[in-house]
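> need coordinates for the below:
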Amino acid sequence: MEHSLSVSPVVIVGAGHAGVQAAASLREEGYDGEIVLLSDERELPYQRPPLSKAFLKREMDLHGLPLRAEAFYPAQRIDLRLGARAVRIDRAARTVALADGTSLPYGHLILATGARQRRLEVPGVDLPGVYALRTIADAAALRERIVPGLRVVVIGAGFIGLEVAATAAKLGAETAVVEIARPMGRAVSPALSDFYAEAHRSFGARLFLGVGVREISGTDKAEAVVLSDGEVLPADLVLVGVGVTAEDALARAAGLDCGNGVLVDERLVTSDPAISAIGDCAAFPNATLGFVTRLESIQNAVDQGKLVAARLAGKPKAYDALAWFWSDQGDLKLLIVGLSHDVDQWVVRGDPATRAFSTYGFRKGRLAVVESVNRAGDHAAAKRILASGKTLTPEQAADPDFDIRALAKG
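Predicted structure coming up:
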């Protein structure tokens, strides 16, 4: 069992949701040693979800983004170092080398390095006018440019791509979305994917589905997106949102076991017992699915930060938190609880035409995931049912007279 006195100092690489939560939870758990929190960005650690929604729509400014107030870090004796990029881990010496040439000793190291944009390998992707959305700087640049009449082409219809597309359409831009498969295809049910395709058309976007990108054309800047079928979409701004990959280069270079991310055990410990990994960069054994997976969600980042902090304070346990996600697109709030991997039966409850309904996904007859559009009550009930292990059958889910919320409370 690891005790706080034996692991000081704790160095955390990455100051997103996972890293900040780990630092805060260490203090909450009574850890009294030194905590160093490294961020390679210059801004105070901030929330990422609003970047594609409220911030981009100008409903929130920079002051609303920080995860914690600036005074929180000194008050909690957390040594927050901004613009401090970790470049190398020396596991034998237990040190982390920074880009400025300095080196930090650690008793325990927490990797919360997050994920990086998946690169779209097509000609023209590096032209001016082609954007990704990962940081405050990315969001600020997009916010400045998206104005009524601007021709915006979004490549990729995952959560980020669709959130930006909905925001761009609301701001009056001429918006097109290109997706090689179907909207949010890897994450949601076919019924939900089809519903969102129609919803985005109603927002004013044109959708090009089942087609890829041949190139982004232009001389000095992006001027058009050429699709794999030869169609040309004129563009003043191109957003690439084709997914992310684990930011595990630091771990790989240090010789830690990696797969689709930094491999950890059920307590989130890497192949080196002095190093943990949490959040988007960590590939962990999922208790529900029975195999190793990596999740990109705020819930996962926060819950893993809490678990590692508790372990370092002498309270180890296996990670088994219930996964949940959300996405705001136009007037639609999507809430998902559970995971859709290997779901073999879907039941729709409610009428999608009313823009308020839920889909229930079953894996071998057992409830595995619930997707709710504008029905927060269904989401709350589903959370309780899945967390408690109660039984809900496909027949009950399909019966409009069956009281699911009563089952959740009972």
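
> got the domain boundaries for the protein?
Using automatic domain parsing, the domain ranges for the chain come out as 4-116+245-312, 130-242, 331-409.

> can you put those domains in JSON lines and add distance to G124, mean pLDDT and mean neighbour count?
C-beta here means a position set from N, CA and C on the backbone, and glycine is covered the same way. Below are these laid out as JSON lines (distance: least, Cβ to Cβ, whole Å; pLDDT from 0 to 100; neighbours: other Cβ atoms under 10 Å):
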{"stretch": "domain 4-116+245-312", "distance to G124": "20", "mean pLDDT": "96", "mean neighbour count": "19"}
{"stretch": "domain 130-242", "distance to G124": "3", "mean pLDDT": "97", "mean neighbour count": "19"}
{"stretch": "domain 331-409", "distance to G124": "32", "mean pLDDT": "96", "mean neighbour count": "17"}
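
> which one of those lies nearest to V122?
domain 130-242 (5.3 Å; Cβ to Cβ).

> for the closest one, how far is the first residue from the last?
With Cα to Cα, to the nearest Å as the measure, domain 130-242 spans 13 Å from end to end.

> and the helix or strand where F208 lies, what does it pack against?
Per DSSP states H and E, F208 falls inside strand 206-209. Identification of packing neighbours for strand 206-209 by 3 or more Cβ pairs under 8 Å, 6 or more residues apart in numbering; DSSP states H and E yields strand 174-179, helix 190-203.

> export the domains of the chain to CSV and tack on distance to A323?
Shown next, in CSV, are the domains of the chain (distance: least, Cβ to Cβ, whole Å):
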stretch, distance to A323
domain 4-116+245-312, 6
domain 130-242, 11
domain 331-409, 5
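
> about what we covered before: now render the helices and strands packed on strand 206-209 as TSV, adding distance to A23.
What follows is the helices and strands packed on strand 206-209, written out as TSV (distance: least, Cβ to Cβ, whole Å):
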stretch	distance to A23
strand 174-179	38
helix 190-203	36
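
> so which of the ones you listed is nearest A313?
Comparing these by Cβ to Cβ, helix 190-203 comes nearest, at 40.2 Å.

> which residues touch that closest one?
For helix 190-203, the external contacting residues (Cβ atoms under 8 Å, 6 or more residues apart in numbering) are 162, 165-166, 169-170, 175, 177, 182-185, 188, 207, 209, 329-330, 332, 334, 346, 348, 352, 355, 359, 371, 373.

> what angle do it and strand 174-179 make?
On the basis of axes from the mean of the first three to the mean of the last three Cα atoms, to 10 degrees, helix 190-203 is oriented at 160 degrees to strand 174-179.
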